[in-house]
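K.L.:
Sequence first, predicted model second:
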Amino acid sequence: MLEARHVSKCYEQGRWYSRNRFRVTALDDVSLTIHPRSTVALVGESGAGKSTLGRCLARLEEPDSGEIRFEGRDLLTLRSKELFAARRNIQFIFQDSAMAMNPRLSASEVVEEPLLIQTSIASRARQEQAHAMMEQVGISPQWARRSALEFSGGQRQRLAIARALTLKPRLLILDEALSSLDLPIQAQITKLLLDLQASLSLAYLFITHDLGLAARLADRIAVMRAGSIVGDDHR
Amino acid sequence: MPYLVRRVLYSIFLLLGVSVLTFVFVDLAPGQFFDEMRLDPRISEATIAGLRSQYGLDLPLPAKYLQWLRSVAKGECGFSFAYNSPAAPIVWQRAQNTLLLTGTATLAAWLIAIPFGIWSAAKPRRAPDLLAAGTISTLLAIPELVLGLLLLLLAVRSGYFPVGGVVALDFSQMNFWSKSSDLARHIFLPGLCLTAGLLPLLLSHVRASMTEVLESPFIQATRGHGIPLRRLLLRHALPAAANPLISLFGFSLGILLSSSLVVEGIFGWPGLGQLLIEAILQRDFYVVVDAAVLATVFLISGNLLADTLLYVMDPRIRID
């Protein structure tokens, strides 16, 4: 379904006129394949390039070189309209759900936001879809008008999952999405993700440094170090 | 107590406090308006004492303050010894001239800073960003006085821009378009000088706020849904970046009466700044107090407006 080939990404550090200017290689010729309905865990120490790879796959960052093919089409060469349509299929969930939600929006508006951007469905229908999705992740629609900031960490992460799923994506990239939650909540969200995967035929890319979690959830574990994938365990 | 009521009450107390302190400090300054008369041997001490008594300058400070408060309630705000009339109309007329100049310059600075700041933040390390950084550094490095003198030189050499005054002498006989053109030519150079002074402050704040917000995860999340750049910048990033900018907007309104002292002096603009300097030199007690208190009223009102706008626009403040 998704195939990244020879993806590289460097960051320039320092101003253009600075003597101490240098380049940091975040991704060095990385290749990774994710099959439909599979779960891949991307593990590695901090600074290994896991999040950069995830962000490049979701086109939140531009790689310097390489190919990212989704269902046969290279995401990096798509025109803006085609990319706009392709974004529905790949959604991203951030570690800090509080920071990843517009503090001015209510819970319902947060979940409706992708529909508002990607579709032209009427406001009422949009709201109904958002409420249905909230119910599916275990948040009562009667809390829909509350600010997202009023929810607990676990509830906010459920909201983030609801928001990501409203567009019915094929692939969900979770960047340390469970690491800030305590263990019982982590277990609840893990179960929710597995249930959703079964019912919605989703593929997951779990970016984590928690090997235990990766082993519990993933069909495959890819290990990153210093910008490269150094191990890819097909289980 | 509701947040806004509390803020208004604080503002009233603050204004009273500032007016008392202004009174005390102006009173502590050596010399009084009638002291120069002592140099004239034809004026007797008794006449001077009579004048001081007539204008209430011999009263103790608390009585003088209460007298001024009563006068404020009547809309006179004390008496100008130099102009021999109630102080309020004199101060207000000059304040209007200052507001015309600073209001135009502040509006122009914001109208440039917002789109330019957004544009530069949206293109980090590329041409718009470098242009904004260069503009900020250059304008910060040029003192207002030097820029004013350069612009004055331009006015003299070109002969197109008048130097001094708000309007031409035959302004009242002009038609609407000639009046507008005359006012614009008078205001252009001092306005440009003030705009150039304010622009780096506003531009650097807009740029910094937008840059910070554009890097935040919720903007990344919205980008991940495929939102077009213009909509992302204007509908999502700008409202989120607005809080420090609203505070700065309030501050920029607050300093409308006090920011143009130097520029008014260079360009001979008959505003409050020049009146204040004259009044200080002449020991025109109530005009000095009124000008200082009016500038404070603007500062407090600007901050109050900013607080109100923040309250209306940011749900987090309402929740608190």
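P.N.:
Sure thing, it's come through.
K.L.:
got the buried residues for stretch B:307-314?
P.N.:
Residues of stretch B:307-314 classed as buried by neighbour count (16 or more other Cβ atoms under 10 Å in any protein chain shown): B:307, B:308, B:309, B:310, B:311, B:314. (Glycine included, C-beta is placed from N, CA and C.)
K.L.:
Can you show me the CA trace of it as CSV?
P.N.:
Once side chains and other backbone atoms are set aside, the C-alpha atoms of stretch B:307-314 remain, and they are given as CSV (Å, rounded to 0.1, in the frame of the first residue of the first chain):
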residue,chain,number,x,y,z
ASP,B,307,-8.0,42.9,27.4
THR,B,308,-11.5,43.1,26.1
LEU,B,309,-10.6,41.9,22.7
LEU,B,310,-8.6,39.0,24.3
TYR,B,311,-11.6,38.1,26.4
VAL,B,312,-13.9,38.1,23.4
MET,B,313,-11.5,36.2,21.1
ASP,B,314,-9.8,33.6,23.4
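K.L.:
Is chain A within reach of it?
P.N.:
Yes. Judged by Cβ under 8 Å from any Cβ of the partner chain, stretch B:307-314 and chain A are in contact via residue B:314.
K.L.:
returning to what we had before: with respect to chain A, which of the buried residues of stretch B:307-314 is nearest?
P.N.:
Relative to chain A, the closest of the buried residues of stretch B:307-314 is residue B:314; by Cβ to the nearest Cβ it sits at 7.2 Å.
K.L.:
Where does the spatially closest residue to the closest one that is not a sequence neighbour fall, secondary structure wise?
P.N.:
Closest residue to residue B:314 in three dimensions, ignoring its sequence neighbours and counting by Cβ to Cβ, 6 or more residues apart in numbering or on different chains: residue B:243, at 6.1 Å. For residue B:243, the host element (DSSP states H and E) is helix B:238-254.
K.L.:
how about the residues of the stretch 51-200 of chain B near chain A?
P.N.:
Within the stretch 51-200 of chain B, the residues that sit near chain A (Cβ under 8 Å from any Cβ) are residue B:125.
K.L.:
Which stretches in the stretch 51-200 of chain B count as helices?
P.N.:
Listed in chain order, the helices of the stretch 51-200 of chain B (DSSP state H, counting those that start in this stretch) span residues B:61-73, B:87-122, B:127-141, B:144-158, B:176-214.
K.L.:
Would you format these as JSON lines with mean neighbour count included?
P.N.:
As requested, the helices of the stretch 51-200 of chain B are exported to JSON lines (neighbours: other Cβ atoms under 10 Å in any protein chain shown):
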{"stretch": "helix B:61-73", "mean neighbour count": "14"}
{"stretch": "helix B:87-122", "mean neighbour count": "20"}
{"stretch": "helix B:127-141", "mean neighbour count": "15"}
{"stretch": "helix B:144-158", "mean neighbour count": "15"}
{"stretch": "helix B:176-214", "mean neighbour count": "19"}
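K.L.:
Return the list of helices and strands in contact with the helix or strand of chain A with the lowest mean pLDDT.
P.N.:
Taking mean pLDDT, DSSP states H and E as the measure, chain A has strand A:228-234 as its least confident helix or strand, at a mean of 77. In terms of contacts (3 or more Cβ pairs under 8 Å, 6 or more residues apart in numbering or on different chains; DSSP states H and E), strand A:228-234 is packed against strand A:22-34, strand A:220-225.
K.L.:
Please verify my assumption that residue A:227 contacts residue A:45.
P.N.:
No. In this structure residue A:227 lies outside contact range of residue A:45 using Cβ atoms under 8 Å: 11.8 Å.
K.L.:
Those two: which has the busier surroundings?
P.N.:
A side-by-side neighbour count of residue A:227 and residue A:45, using other Cβ atoms under 10 Å in any protein chain shown, places residue A:227 first with 22 against 11.
K.L.:
Backbone dihedrals for that one, both of them.
P.N.:
The phi and psi values for residue A:227, taken as degrees, to the nearest 10, are phi 90, psi 0.
K.L.:
Please name the residues that touch it.
P.N.:
The neighbours of residue A:227, taking Cβ atoms under 8 Å, 6 or more residues apart in numbering or on different chains as the test, are A:25, A:26, A:27, A:28, A:30, A:48, A:49.
K.L.:
need the contact list for the closest residue to the second one other than its chain neighbours.
P.N.:
Spatial nearest neighbour of residue A:26, excluding adjacent residues (Cβ to Cβ, 6+ apart): residue A:52 at 4.3 Å. Residues counted as contacts of residue A:52 (Cβ under 8 Å, 6+ apart) are A:9, A:26, A:27, A:61.
K.L.:
I'd assumed residue A:52 was in a helix, is it?
P.N.:
Yes. Inclusion of residue A:52 in a helix is indicated when DSSP: H, G, I helix; E, B strand; the rest coil is applied.
K.L.:
Out of the buried residues of stretch B:307-314, list just those in helices.
P.N.:
For those, membership in helices holds for B:307, B:308, B:309, B:310, B:311, with DSSP state H as the criterion.
K.L.:
Give the buried residues for the helix holding residue B:243.
P.N.:
B:238, B:240-243, B:245-250, B:252-254.
K.L.:
try stretch B:261-279
P.N.:
The neighbour-count criterion (16+ other Cβ under 10 Å) identifies B:261-264, B:266-267, B:269, B:271-276, B:279 as the buried residues of stretch B:261-279.
K.L.:
which residues are in contact with it?
P.N.:
Everything outside stretch B:261-279 that qualifies as a contact, by Cβ under 8 Å, 6+ apart, is B:80, B:82, B:90-91, B:94-95, B:97-98, B:101, B:144-145, B:148-149, B:152, B:163-166, B:189-190, B:193-194, B:197, B:257-258, B:260, B:284, B:287-288, B:291-292, B:294-295.
K.L.:
Quick one: name the residues of chain A near chain B.
P.N.:
A:12, A:16, A:55, A:58-60, A:83-85, A:87-88, A:90-92, A:94, A:96, A:99-104, A:113-114, A:117-118, A:147, A:149-150, A:163, A:167.
K.L.:
Just to be careful, could you list which of those residues are in strands?
P.N.:
Of those, the ones assigned to strands by DSSP state E are A:12, A:90, A:91, A:92.
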